[in-house]
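Participant: here you go, sequence then predicted model.
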Amino acid sequence: MTQEYEKITKEFVALCKKHNIQDLKWITAATNDGSYLSITPIDKMADLDKNPLASLQKKIGKEAFSDIFKRYNQYYDTHGGYIVVLNKKLSYMPDGLAQTQEGLNYRRWHYLYVTPENKSKVKEKLEAVKSLYTKKGSKVHYRVYQNGFGSMGDYYMVAISSKNGENYEKNSTENKTLLGDAAKPVFDELFKYVSKYEMKVGSMKPELDYSSN
């Protein structure tokens, strides 16, 4: 089913390129549980009032447009949408903040769930983690996101990019050595206020991305 889903998505990308759709952009991630995420940037909530697919529908016609999504419907059980907010201040990317990095398509997403009373405490402890990484000159870079509209419960999500799973583990081991004994009290303090932790594994799918640029 994933092969068929990706096949339709590639056709959809080709259609957008053929008709040079300007008001549409996304990157794609796939998790190891078979889920696909189409990630589209927005600047403000008012962007949700726009229909970014309207111009494509106008160019190819309602029938052809509807057919694409009827085909999609065969290959997933549920779908939905929600917003996450990139927290630049908590993220650690000294070489420049970016969601994607060439050659680093492997992903680990670490979810730190928090209760409302502890959200500010976790933010404070994440600042301490960034300070430690900065002081030690860590080579493990990460981005921090917060839940937004459409999400139930509060969480911080830490995304780490790598070449593959083996490279991730190698970098993680080297990072532990670099941080040394200073790391344990910092992470102990962080997880003192985390109500639940989850990790997801997956990869970015640049062949399923679209941008008019």
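Facilitator: Perfect, thanks for sending it. Given the structure is predicted, the values throughout are model-derived calculations rather than measurements.
Participant: what kind of secondary structure is residue 159 in?
Facilitator: strand (DSSP: H, G, I helix; E, B strand; the rest coil).
Participant: need the contact list for it.
Facilitator: With contact set as Cβ atoms under 8 Å, 6 or more residues apart in numbering, residue 159 has these partners: 107-110, 142-145. Every C-beta, even on glycine, is put in place using the N, C-alpha and C of the backbone.
Participant: run a quick neighbour tally on residue 138.
Facilitator: 20 (other Cβ atoms under 10 Å).
Participant: packing partners of the helix or strand where residue 166 lies?
Facilitator: For residue 166, the host element (DSSP states H and E) is helix 165-179. For helix 165-179, the elements it packs on are strand 106-114, helix 119-136, strand 154-162, judged by 3 or more Cβ pairs under 8 Å, 6 or more residues apart in numbering; DSSP states H and E.
Participant: any residues touching it, and which ones?
Facilitator: Residues contacting helix 165-179 (Cβ under 8 Å, 6+ apart): 106, 108, 132-133, 136-140, 160, 162, 183, 201.
Participant: now the following helix or strand past it - C-alpha only, CSV.
Facilitator: Using DSSP H and E, the helix or strand that directly follows helix 165-179 along the chain is helix 183-191. The C-alpha trace of helix 183-191 is given here as CSV (Å, rounded to 0.1, in the frame of the first residue of the first chain):
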residue,chain,number,x,y,z
ALA,A,183,25.0,15.8,31.1
LYS,A,184,23.3,13.5,33.7
PRO,A,185,22.1,16.2,36.1
VAL,A,186,20.8,18.4,33.2
PHE,A,187,18.8,15.6,31.7
ASP,A,188,17.7,14.3,35.1
GLU,A,189,16.2,17.7,35.8
LEU,A,190,14.5,17.8,32.4
PHE,A,191,12.8,14.4,32.8
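Participant: how about helix 183-191: buried residues?
Facilitator: 183, 186, 190 (16 or more other Cβ atoms under 10 Å).
Participant: closest to residue 52 out of these?
Facilitator: residue 190 (37.3 Å; Cβ to Cβ).
Participant: surely that closest one and residue 122 touch.
Facilitator: Yes - contact between residue 190 and residue 122 holds when scored by Cβ atoms under 8 Å: they sit 6.8 Å apart.
Participant: who touches both of those two?
Facilitator: By the contact definition Cβ under 8 Å, 6+ apart, residue 190 and residue 122 are jointly contacted by residue 112.
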